[in-house]
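1. the sequence and its predicted three-dimensional model are supplied below.
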Amino acid sequence: MRPRINRWTSARRDLIFGNDIRSSLVQPHFVVAGENVNHPIQSMPGINRQSVDVLLETIDSDMQKGLSAHMLFLVLGHDQKDTNASYAADSQSPLHQAVRLLKEKYGDEIVLMTDLCLCTGTDHGHCGIIVENRIDNDVTVEQLVKIAISQAESGVDYISASDMMDGRVNRLRMELENHGFTSTGILSYSVKYASSFYGPFRDAADSSPQFGDRRSHQMDVRSGYSEAIMEALTDESEGADIIMVKPGLPYLDVLRKVADAVVRPVAVYNVSGEYSMVMSANPTVEQRGAMVREIFHAFNRAGADIIVTYHAREAITENWV
Ligand code: PBG
């Protein structure tokens with residue numbers, strides 16, 4: 001356990017301990033190879049897949065507005081995918097490049113989080129390495145550790161483990177320590193359901209499973225509070241610095257229970273399907289502001305210290321919070 005990780009920079013402290021909703025927002029981004037790529041995602045108006053150069057401009061403008069926490073997802077072309085997502089550990093990937101450039105430019109003023117899962121890098125779209133037709137937990141964890149260390153080397157603030165393999169926080173913490181990364185945080189997607197609200201994200205990240213589903217590792221949508229609390233407490237005891245509940249709106253009750261059960265800061269992911277639901281109602285900016293503000297208050301009331309949301313940029317630009 002390293003409680004200093006969440007206090008390491010003023011940007012981390014503002015994000016986690018700031019009392020206002022504005023400082024608790026995290027904006028997700030989809031990073032692709034190439035130059036000058038700014039490709040809209042149809043089901044997520046306002047969210048684009050961007051090459052590193054465009055991403056840097058986007059985050060530049062975000063930073064000037066005071067939006068300083070960002071979560072990066074690597075999106076790969078089919079020719080870069082394989083059975084064990086090996087390219088995700090490549091220090092020359094667009095994601096690693098982006099982290100290095102952003103950290104060079106903003107240092108401690110930015111909080112960068114990188115997604116850690118195999119699903120965007122495997123040719124079959126599954127979150128793990130398949131052995132005899134099943135996702136092999138422990139083989140997958142070792143590959144996740146390799147990717148995480150490569151991300152830590154590029155200077156990221158928080159490794160955001162969204163894979164839902166057993167025991168991965170433990171292995172991640174151990175290997176971060178072994179490699180001397182004592183200020184790199186772990187944000188764990190501790191309570192992540194096998195939800196139908198991730199559809200637009202899977203379009204954006206091209207990460208839909210080619211066969212089967214994610215129900216052998218993500219949580220059963222019918223499961224009760226004890227399962228959620230068990231997952232959260234396990235990750236906490238293994239050394240997670242931030243505990244995440246995902247999705248957000250359909251699980252506000254779970255968020256409340258988890259926030260009451262753990263002592264570490266809690267994040268919520270206002271996922272792609274929740275974003276699309278708001279956007280597809282076609283609200284005016286004013287109506288959208290009222291809806292988004294209400295949603296953020298709900299997360300806040302249910303105990304979230306951090307809100308990961310595709311609405312972050314507009315909420316800050318339009319002063320909704
Ligand atoms: C990767 C990952 C997913 C999301 C975040 N990380 C997709 C999934 O688990 O299938 C979903 C985010 C969203 O829907 O906005 N495993």
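-> On my side now, so go ahead. Numbering: from 1, shown residues only.

2. for this protein, list the residue farthest from the centre, please.
-> Most distant from the centre of the chain: Glu132, at 29.2 Å, with distances by CA atoms, centre = their mean.

3. just the strands from the stretch 51-200 of the chain, written as ranges.
-> Taking DSSP state E, counting those that start in this stretch as the criterion, the stretch 51-200 of the chain carries its strands at 69-74, 111-116, 130-131, 134-135, 158-161, 185-192.

4. and the stretch 151-300 of the chain, which residues reach the ligand?
-> 162, 198, 201-202, 214, 271-272 (CB under 6 Å from any ligand atom). No exception for glycine: its C-beta is placed from N, CA and C like everyone else's.

5. I'd like those residues as CSV, with secondary structure and neighbour count appended.
-> As requested, these are exported to CSV (DSSP: H, G, I helix; E, B strand; the rest coil; neighbours: other CB atoms under 10 Å):
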residue, secondary structure, neighbour count
Ser162, coil, 19
Tyr198, helix, 23
Phe201, helix, 25
Arg202, helix, 16
Arg214, coil, 22
Val271, coil, 25
Ser272, helix, 24
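
6. dump those residues into a markdown table; add distance to Gln64 and pLDDT as well.
-> Below are these laid out as a markdown table (distance: CB to CB, whole Å; pLDDT from 0 to 100):
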| residue | distance to Gln64 | pLDDT |
| --- | --- | --- |
| Ser162 | 29 | 95 |
| Tyr198 | 31 | 94 |
| Phe201 | 27 | 89 |
| Arg202 | 32 | 87 |
| Arg214 | 38 | 88 |
| Val271 | 27 | 98 |
| Ser272 | 26 | 97 |
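
7. which stretches of the stretch 201-321 of the chain form helices?
-> Using DSSP state H, counting those that start in this stretch, the helices of the stretch 201-321 of the chain run over 225-238, 252-261, 272-280, 285-301, 312-317.

8. buried sites along the second one?
-> Within helix 252-261, the residues scored as buried using 16 or more other CB atoms under 10 Å are 252, 254-259, 261.

9. send over it as PDB, restricted to the C-alpha atoms.
-> Output of helix 252-261 as PDB, limited to C-alpha atoms (Å, rounded to 0.1, in the frame of the first residue of the first chain):
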ATOM      1  CA  LEU A 252     -25.900   3.900  -8.600                       C
ATOM      2  CA  ASP A 253     -27.000   1.700  -5.700                       C
ATOM      3  CA  VAL A 254     -23.900  -0.400  -6.100                       C
ATOM      4  CA  LEU A 255     -21.700   2.700  -6.200                       C
ATOM      5  CA  ARG A 256     -23.200   3.900  -2.900                       C
ATOM      6  CA  LYS A 257     -22.600   0.500  -1.300                       C
ATOM      7  CA  VAL A 258     -19.000   0.200  -2.600                       C
ATOM      8  CA  ALA A 259     -18.200   3.800  -1.600                       C
ATOM      9  CA  ASP A 260     -19.400   2.900   2.000                       C
ATOM     10  CA  ALA A 261     -17.400  -0.300   2.100                       C
END
